Every structure is written in C-alpha cells, then in structure tokens.
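Colleague: Take this sequence and fold it.
(chains A and B)
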Amino acid sequence: MPERIGVYVCWCGGNIADVVNVKEVAKHAAGVPEVVVAKDIMFACSDEGQKTMVDDIKNLKLDGIVVASCSPVLHEQTFRRVAERAGLNKYLYVQVNIREQDSWVHAHDKKGATEKAEELVGMGIEKLARATPLNPIKVELTSKVLVVGGGVSGLTTALELAREGIHVTLVDRDRYLGGFVRRLPDVNPVHRPGKDVIADLYSRVVSTGNVEILSGTDLLEVSGSIGHFRARFKERSGHIRHDADRELLSRAERECPVEVDNEENFGFTRRKAIVLPDDRVPETPYIDMEHCIKCGVCQRLFGEGVSFDASDIEFEEEFSMVVQSTGFQPYLPGRGEFGYGETRRVLTLPEFLRLADTSGKTLVFNGRQVRDVAFVYCVGSRQTETGGPNTYCSRYCCTSTLNTDSYIKKKFGSSINSFHFYRDIRAYGLYETMYERASREKGLFIRYDPASPPSVTAEGERVKLVTKDSLTAGRDIEVSADLVVLVTGMMPSEDGKKLSAALKVSSSKDGFVQELHPKLRPVETTVGGVLVGGTAQGPKDTHESMISGAAAAAKASTLLMKGYTELEPYVVTVSEQKCNGCTQCVTECPAGAISMVEMEGRQVASVNVAMCKGCGACAAICEPEALQLIGYTYPQLRAMVSFSPQPLGAQSK
Amino acid sequence: MAEYGVAGKTLKVDLDVRNLLMDYGASGAALCFNCGNCTAVCPLSENGAPFPRSMVRFVQLGSRQDILHSPEPWLCYFCNECSATCPRDAKPGNTMAAARKYQIRSATIGPVADMLVTKKWGIALLLAVTSLFYFAGLYYVGALKLPTQLLFQAFVPEEVMHIAGMVAGIFAVAVMGIAILRVLYWISRGRQSRYITISKKISAAIRSLPLVITEVVAQRRMSKCETGRPRWIGHMMTMWGFIGLFVTSGLIYMINPNLTNYPYSFTNPIQILANVSAAVLITGMCLILLDRRNHRATTQDHDYFDWVFFYTIFAAGITGLVVEAFRFSGLLMPTFIAYSIHIINVLFLIAFAPFSKFAHVGIRPFVIWYSKYAGLV
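Modeller: This is a model prediction of the structure:
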C-alpha cells in the first residue's frame, strides 16, 4: 500500500483555478503524512505536466499519485499511462474530479469550492493509501463470432468479418435470408428488387468460405460473456434433400394437392405445402409439415430424398463475440386505426409492397383495378400527440413511401394517382430528390395535423379520406381512393427483445438495443463482446443498416485481431468463508454474473469476472461482507467516508 | 392568416380539373411544396387577397369552385417575380395565367376557348371560320369578285362591312358581357367571410370607381410589377394605340358611312390621329416583343395563348399600315389582298375577343372594381 504519495492539483487554465484556490489545496494535501510532494500544475495533461509527474515518481520514489483535475472520462487513461511510464502500477493512481464536480458548479462560492476540493483530494489520498497494485483481466478471444439475424445488416457483418479471416456463424430463424429487405420490390437507391440485393450479398458471403449459415434454425439459448458465449441451436428439418433436382421440384410443386396462403406475400398469392426457394437464398426447398397431408406425391418423385419424420437437430457452439442484428418488426395498426381491419381496402406499406410486386401489368386489388392510392404517413410513429407508445420517428418511412410512389408509377404507368397524407416530409439528405420526383410525377401532398388525423371510411368499392389540410388554411379536404396504404413505422422485434434479455443487453426507452455511446462508442452494447447492427439498434433504411452492420464487423475485428481483450480489474471477489449463501447478490446483480455453486457441502456465491461490470451492487447489500469490489474495498470506502479535513492529517493512520 | 377558399365547405379533390389546369399551363404547380416565397415576393399580393400560393394550392387540389371563386387571377399582372424566386421552379406565374384562362374558359364556351389555349391548330380553324363567314357574305351580295378600281367600297360593299362588323361585335359583346357577369357572380359567391358587410355596399361601390379608372387609364397596379418599365410602357402604348385606331375607325364609319372623299389626305385630323395611333401601337408592341426577348431565358414564359393575342393585334396594325402604303402607291391588287387580310384579321380579333387574352380588357376592370369594393385590395 502506497506510503509515498504525490498529489497534483491542476489549474486547468482558469477552469479550476479561477474558482478553487489550487495552491491552498496543494498546501493542505501536503500536510497528510503519506504525501511526499503536493504541487499545483497549470495543465496536468500537458506534456510538461506529465513530465513533472514522471520525474517526481522516479526522483522521489513515489508509490502512488493523486491527480485532482477533470473527469476520469477525459483523462484517466492519460494519467494511467503517466504512472506506467514512470514504472508505477497504473492502478496506484486516483483521479479526483474538481472541475465538473466542483469549480464548474460552485463558481459563485470560491471559498466553499476550495474547501470541497480539499476534502475531495483528501478522500482520494485516503483511498490510494489503501490501494493495492492491480492487473487488468486478460481474456483470450478465439476468432469465432455469432451473428444473430440474416438480414441485410447481419449478412454485411458476416461478410466483412469473414473477409478478415474470422469465422462466422450466421443464424436466422427464417428458412430464407434477407429479412425485410428480401420482400422489397425496389430498393432505393439502386432500384433493384430486394431479393437480388440479398442474393448478391449471399453469394459474396458464401464465397468467403468462412461463414457457416444456419437458416431455418432457432437460437434456443445463449449465455456467457466475452470470449465464452455458449449458444444452443435447433436446426429445423426441411424434410427434403437440399440438392433436390429443380425440374422434379417444379413437378412436385405442381402436383402437390395442398394449397395455402403464401405468408411471404401476406396471402395475396397462394403456395403449396412443398415450398420452392423461388429466387430466395439459400436455394433450399422445404416441406411445410404444418399443412402437409403426407399424400406421398413428392415422395414418389424423390423417394429417399423426402422424409416426413426427419427430426430437428439440436447442437451447441461457443463464440467469443455476438453480434445482434435481429432487425425490427413493422408496426401493426390496431383494429379500426385509420380503418385498418375494418375496411379491406386499407393495407400497411409492407402489405401493399407485396401486392404491387405480385401484381401483373395493372395493379389489381380484390378484382378491381387500382388507380387512386392514398398513403397515410406516420402510422405507429411519432405518437406523442396521440398517446401511442412509439414517440420516435421511424426515419425510413417517408423515403420508402416516396420510393414506392415512384415504383408503382414506373410499373403500372402514370395512370396511377397518389395522395400523400403526411405530417412532415423527412426525406433527409439526397432523398430530397425522391420527394421532388414524387411531386414532379404529380403526387398530391396533403399535410395533416396529428391532433386531427385523416378519417378513413369505406364508400362502396372506394375509400373516403377527410382531413384538415394545413396547406389550405386548415380546410377539410376530401379524397376518394381505391386503396389506403398506412405507412407503418419500425418497432423493436420480439425476438430481438428476447435475445437482449438473455444477453443482459440494455435497451433504450423505445425498446431498441442501446448503444454504449451514440458518438464515442457506436454499435457497442452495455455488455462486453456483444455488438449491435442494423435496425435492432433503431430505425434505419437499407443503406444505413448495411453501414451499421459493417461497423459492427469492424468493431469486432479490432478485438479479435489482437486475440485477447483486457477487462478492468474492478470486479467482485468472494470470500467463500464469509458467504452465508443468502443469494441476495444473485438477484441484485444486473449483469447476471453471480451464481451459486456448491462448496464443501454448502451453497456459496461465485462470480464470473468476465461478466462482472464492477458496479458494486452486490457488495453494498452483502451483510457478511463476503463480496469485495476490488479497487473499492470496504476499508477504502470507510476511510473515504469518514475522512474529515480538519485538523490536518489527524485521521490518517 | 387570411382566410381563403369557399369557407366552411369540404374541398373535394378533383384530379380532372387539376389535369385540365396543367394542360392550361399550370404544369409546374405539381412541383410546388407550398413554401410561400411567391406570395412573399409578389408586389401585388395583399393581406385581403394573398397570391399566388393559394391559387397554386387550389390548382394542385383541382378545386374548380375555389379557382372560379377567386379574384386573384385578375389581380396578377404576370410579372413573374414569383417564378424567378421559386425554389422549386414551379412557375407560379404560369399557374396564375392558367387560372385566368380557366376562368375565361368556364365563363364562355369551353371548346372555343380550348382552340386558343391547348389546341395549337385552333387559331387556323377559327381564322378559316372567320374567312368563310366573310367570303360567304361577299358572295351573298354578289360582291365576290376581283376589284377594278382602287376604292374600298368597290372591294367590299359597305353593307357587308356593317353587317359583318355588327355580327362579330354583337357576338363578342354578348359573350364578353355574360362572361363578366358570371365571373363577378362567382367571385361574389366565394369567401363570403372576408367580404364587407351589406350596409357599406353603395358607398363602397362608388368609392371603388376611381381605382378602376386609374387602373384602366394607366394600369397603376401593373407599374408596381418589379419586372420594370419597358413592359408597362409597351403595354400602355399598345393599349392607347389600339384605342386610337378603334376610335378613328368608329369615327369614320359614323361621320362618313359612305366614305366620300376617302381616303383622306395626310393632313386630315382623323388621318393624323389614325397614323399616330398606328405608330404608337406598333412601337408599343415592339417594346413588348423586345422585353419578352430580354426575359425569355429567365422568367417570362409566354405560351400559345399569349402569342395568338399578341400577333393578331400586331398583324392588325401592320396590315393596316400596309394597306395605307399600297393605296397611296396606287397598287390595286396588293391593296385589295392586304385589305382582305386586314378585315379578316380584325373580324377575328373582335369575334373571338372573349375567348382570347383579349378578354382581360373586359373582365379585369370589373374584378378590380369588385375587389376594391369588397375590401380585398
């Protein structure tokens, strides 16, 4: 434990010294017996300031330093390196924040601020005087990453990691990859069908030879911490050989007697019980056993290739990191919300896109040609005024609707009339051109007030929309349309929420995965080793999802290339002798790092140091003081709390 | 915010009306994102009658009622300051012009108006009809023959001249009169809420007259347009030149119906007035032409409708001068041909005035008077 301590009080130019009498603080600190030297420095973080500290440590043989300056967020790493350069253990340094927590907030009370600084510095000295040298916890990382979700973001993450030579397992519950993008008939700005974009991405992923693709596979369980995540999968059988002959497959599809609504197209088309990939990837067929009547038609064609009772396969694997790219789910309007569910002629945007994609040369709904399409924006987004749960803007929907308008006019001709009931057009950046294009193509924009949203009522084979248009002095505007399309926003997916819960990843108040810091630490989550990509983190368009997916790959590879990661040693240790097995700490731990293990015939707490965040919640409630948070031990905290600045040095030792 | 539109009524979007207006020249309206820069920069837009954005919006929505019930189209003088400022290049000036055409169309006979707005061969058809009418008249009185002496009476018997003039004139005045009444009626039915109360009616109606007079005599509102003097001076000269010629023609036919001692000498006061008027008209029109050329690349966007009006007046002036020149040179056949063209041209100009841009001569003063009376300007 340090007995020759150096104390450095920083002026931070005038930031601290204008309020706090730094010379006085240094003089006060010098009175503590363990303190060998106490100085005030103009800028502790400057080269000159650092050199002063290094020289003192060497010349005066200091065994610990206290720097009273700014927030540790800013310069903890800087001063740790100072200690290291001078040959000191980097954890034998304590930073005291007398800027954010003192001078900046007490500018009106210089005397009080100086006294507070003296007290804070004194506490720092007390803490350091009871500190022990520590070493960061080193965790080996094997080059194996689990990517959960095979949408455009997950595929991008897998591709970028595989290119770095990292082995990736990509798991998706869906039998076909591509998520939401797969069903888009026209992806902005490349204006290609989404499944082409996905097929492209897929073939690149496959060609790396480094990605194990588990489509049609459920992720049953996932647990562990950085370096050691364990996942249990269940691969659902397709009941038919993957490499079955294409011509025979087409024949089997023709002959299969079972026909059901095709969920891929929201029932706008039908499918058989034997399902062909139909340009989807991976190009594997499957038999839908939920509807199959086992008539044997396909069995006659394929013989052994078809097996109705093939069972699902369960297996486990270990990964060093996990990327959550579980995507989103579209908002589903409630019954009667803008006429949804009450009038057949009211669809959501995802539904409408499938209708448009599966229609021939004319847009037909319910046997009637569609000429007038009315889009209602912000359904399930920005619900602040309406009292709904989703107060955020879903970002992608304005542009997506404008793109859809242009797509249907391109496909079905300019005889289609479009009406846009919007609140604000948020076609940011270059997407502005889409808005201009929709205007040029005579799309009619009607701006509604969220306080009085459009009313939607059926009128025979048509639908009537009425709203107060703020562009026409708030007059009631009436539009008659063939179809109403509700532009629904993005919501966090249920699967994503389950995964987050299993991994102890924190969510934002909107329910999406929370990034550690939106600017400084994007794609990182609150759990080490778990990254987030794409719309699992929040609403994004295709392009942004791919950027986010690539960022997650880049972040993962910075750790994996090094082969190990270092964790702060501020973790909890257990004294099994003291532990009374009450299990309160297990319930209290927000990271799920504590479990009960058997030891010498009784239950005692055990800490997984890789998962421990060092929050100290367990130590605070542990009655027998069996749990000690390293770096914040009971003696240290007691000494700090009971420290009193007067008289000088009386309390130490 | 000034209230506009037919207050209290649900506005039913009608894309057919919108599409027609787009054909009528308002195609840029689709691009408008309703920022209102046009209304902000318009030197003529006032609180009681803000435009052009309101009109652009009505065109976007295809609101027939609102467009017909608005006086704004006639309060605009097409300086195109709005089109020059529009961030979307939506050309609000053209939309205002289209709204005027639409009011003319709706207040007169639609298909005939279409001939001068959207049907590019329309003018040929209408000129052919006029010619046919003219030659049929000559044939009817047995005067359809080549002339043998240089006398206007010999070219066209005066009764034909009188009857043709009367028919064209009465037709034009009737159509124009009905159109003015309809436009005034529509405007008076719209936007009741922003109009004055009944008690002020008579005094306000009389007090509004001076404005109309200054408007008719000197186009004071037009001089406020920021595109400058040349256009205003050109318009003033054209108008007064045209009025001069109209008056001299009328005088001759009234005080000298048999055209004795005709043609007059150059020193005859009537002849002097006629020649000066012609010179003013031609100069004014050349100024307008020059101004349009100067602005062609930037803001002014003159279409078929505009040019038909311009060139038929221009042609009337030019052919008049040509006839005079030939006649004094004693050239029989050239005079006859030029005279025939001149007469057909003038007949066309009169007969189809209510359908062409000429209609503004009749409608605009009344709308301005009504707008003043109703307290909008």
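
Colleague: C-alpha from now on. contacts and neighbour counts both.
Modeller: Will do.

Colleague: Show me chain B divided up by domain.
Modeller: B:15-108, B:111-373 (automatic domain parsing).

Colleague: Now do the longest one, average pLDDT.
Modeller: Spelled out, it's domain B:111-373. Domain B:111-373 carries an average pLDDT of 88.

Colleague: Measure how far that domain is from the centre of its chain, please.
Modeller: The chain centre lies 8 Å from the centre of domain B:111-373; the measure is CA atoms, centre = their mean, to the nearest Å.

Colleague: quick one: is it near chain A?
Modeller: No: taking CA under 8 Å from any CA of the partner chain as the criterion, domain B:111-373 and chain A are apart, separated by no less than 12.5 Å.

Colleague: returning to that earlier point: so which of the domains of chain B has the densest surroundings on average?
Modeller: Among the domains of chain B, the stretch with the highest mean neighbour count (mean count of other CA atoms under 10 Å in any protein chain shown) is domain B:15-108, at a mean of 22.

Colleague: and the residue of the stretch 201-350 of chain B nearest chain A?
Modeller: Closest contact between the stretch 201-350 of chain B and chain A, by CA to the nearest CA, is at B:Asp301 (18.7 Å).

Colleague: and the gap between that residue and A:Pro33?
Modeller: Relative to A:Pro33, B:Asp301 is positioned 91 Å away (CA to CA, to the nearest Å).

Colleague: Which strand or helix spans B:Cys79?
Modeller: Counting by DSSP states H and E, no helix or strand carries B:Cys79.

Colleague: buried ones in stretch A:589-607?
Modeller: A:589-596, A:603-607 (16 or more other CA atoms under 10 Å in any protein chain shown).

Colleague: Just the closest of those to A:Gly549, please.
Modeller: Using CA to CA, A:Ala591 comes nearest to A:Gly549 of the buried residues of stretch A:589-607, at 25.1 Å.

Colleague: need the residues of the stretch 551-653 of chain A near chain B, please.
Modeller: Within the stretch 551-653 of chain A, no position is near chain B by CA under 8 Å from any CA.

Colleague: Give me the residue ranges of the stretch 551-653 of chain A where confidence is low.
Modeller: Regions of the stretch 551-653 of chain A meeting the criterion pLDDT under 70 cover residues A:645-653.

Colleague: That one: helices as residue ranges?
Modeller: A:584-588, A:617-621, A:634-641 (DSSP state H, counting those that start in this stretch).

Colleague: list the buried ones in the longest one?
Modeller: For helix A:634-641, the neighbour count (16+ other CA under 10 Å) marks A:Tyr634, A:Gln636, A:Leu637, A:Ala639, A:Met640 as buried.

Colleague: and the two most separated of those residues?
Modeller: Farthest-apart pair in those is A:Tyr634 and A:Met640; separation 9.9 Å (CA to CA).

Colleague: From chain B, how far off is the residue nearest to A:Arg85 when sequence neighbours are not counted?
Modeller: Spatial nearest neighbour of A:Arg85, excluding adjacent residues (CA to CA, 6 or more residues apart in numbering or on different chains): A:Val54 at 7.1 Å. Distance, A:Val54 to chain B, by CA to the nearest CA, to the nearest Å: 62 Å.
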